[in-house]
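In: Dropping a prediction and its sequence here:
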Amino acid sequence: MYLALPSYSGRFATPPVPPAVRKSIVLAGFLGVGFALLYPARYEPSPWPPQLEMRVPFEPTAFPSAGRTYLAYELHVTNFTNDPLTLRRVEVFDADAPVLKPIAVFEGQQLDAVLRAVGVQPPVEEGSNAHPLVAGGGMVAFMWVAFETGAHVPNKLRHRVLTGDAVAEGAVIGTHHTELKVLRSPVLGADWLASDAPSNDADNHHRRGIFVYDGHASVSRRYAIDWVQLENGASFSGDARDKRAYYSYGKPVVAVADATVVTARDGLPDNVPGHNTPGHEGFSPAVPITLDTVAGNTITLDLGSGQFAYYCHLQPGSVRVKVGERVKRGQVIGLIGDSGDAREPHLHFEIANSPKLMAGEGLPYLIDHFSVKSASGWESRTHELPLKDMVIDFGR
């Protein structure tokens, strides 16, 4: 249904007003101003709902780690008015609860940490709780909701956004969208750093990696992990520009489950390691970075149920499988390299719901067993997904 809201423009011809009537109108005008000053009008809420769209393009699936259960997803907010709005607070509710009580609240610095503007937005004043949203503009809130051990995880969530003068509710979503597959680890041995593994840090390039493909904005790397092997807390020893100085280089990668090979890309050269950060000589890839080369030498496995495992940045000449081949859980399928958009040797591993690189949505999964390094030693974990910067032993 289309609603034509009133709007007026242009000039209309009016008949002349007699002087006596004009004096009455002027007097009435002064009296009206006086009464308005004495008795200010109360704010009347708009009869229309706030024209603020809220949507979650891809529903989350709850996953366990480190004694908690997590939900990671994106809440897209769009201002469909011709006037700027101010976002002040985002609340998350159990949609099935008889009484709506927030289970998570984002405001102030917490809200600032999860918001990312789509297009140009005015800067946020330091110390302000208000986040301006221009007319027709949009923002993405990278949501990260954690539940303590034993806490109830709702089957559905509902969202409320508070602006400067209105409240919008909606975006009801489920919390168990896909099957949580239990996989073995993609690498072998000990002292593997889960670099940029799942977290909600603003500098996590996997978590914040929105990419538009086929007209759809998705985050295929939402739960991706860059596996980097360490010794004494360092990823290499000797010449930082020598790929063979890195402990990860040449280490085997294995099939995480019985699967079918859908991609087996080889032949791209390794890079000379380098980082575009202070203290480093910079990064110059061996080939131009395009959608075709960004992942380097790659293997993609079809795990079934619409889930696909990606192994990226493999060593040239190391890919041991072919498209259409069936592989067994634990089978060596390639070696870690430094190809594609890799600043140093590592394995980029992710699960997504599309066999087309960067076109799908990232999915959570569980690793059957591993140990995590802590201040008190090694802690055993079963059926969990490692989080950012955990140091993992897959051999214990």
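Out: Noted; the coordinates are in hand.
In: Sketch out the low-pLDDT regions of the stretch 1-150 of the chain for me.
Out: 1-46, 124-129 (pLDDT under 70).
In: now do the stretch 251-396 of the chain
Out: For the stretch 251-396 of the chain, applying pLDDT under 70 flags the ranges 276-281, 396.
In: where do the strands sit along the stretch 1-150 of the chain?
Out: For the stretch 1-150 of the chain, the strands defined by DSSP state E, counting those that start in this stretch occupy 52-55, 63-65, 68-79, 85-94, 102-107, 115-118, 131-133, 138-147.
In: An error on my part: the question was meant for the stretch 151-300 of the chain.
Out: For the stretch 151-300 of the chain, the strands defined by DSSP E, counting those that start in this stretch occupy 156-163, 167-174, 182-183, 192-195, 211-213, 216-218, 225-229, 252-254, 259-265, 297-304.
In: any chance of these in CSV, plus mean neighbour count and distance to residue 328?
Out: No exception for glycine: its C-beta is placed from N, CA and C like everyone else's. Listed next are the strands of the stretch 151-300 of the chain as CSV, based on neighbours: other C-beta atoms under 10 Å; distance: least, C-beta to C-beta, whole Å:
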stretch, mean neighbour count, distance to residue 328
strand 156-163, 20, 39
strand 167-174, 16, 34
strand 182-183, 18, 13
strand 192-195, 23, 22
strand 211-213, 13, 32
strand 216-218, 16, 30
strand 225-229, 24, 21
strand 252-254, 20, 9
strand 259-265, 19, 9
strand 297-304, 22, 11
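In: closest to residue 367 out of those strands?
Out: Minimum separation from residue 367 across the strands of the stretch 151-300 of the chain (C-beta to C-beta) falls at strand 182-183, 6.0 Å.
In: Between the strands of the stretch 151-300 of the chain, which one is closest to residue 330.
Out: Shortest distance between residue 330 and the strands of the stretch 151-300 of the chain, using C-beta to C-beta, is found for strand 252-254: 5.3 Å.
In: Packing partners of that closest one?
Out: Contacts defined by 3 or more C-beta pairs under 8 Å, 6 or more residues apart in numbering; DSSP states H and E place strand 252-254 against strand 332-335.
In: counting contacts, what elements does the strand it packs on pack onto?
Out: Partner elements for strand 332-335 (3+ C-beta pairs under 8 Å, 6+ apart): strand 252-254, strand 297-304, strand 307-314.
In: count of neighbours near the residue nearest to residue 363 when sequence neighbours are not counted?
Out: Once flanking residues are discounted, residue 363 sits nearest to residue 351: 4.7 Å by C-beta to C-beta, 6 or more residues apart in numbering. Neighbour count of residue 351, defined by other C-beta atoms under 10 Å: 25.
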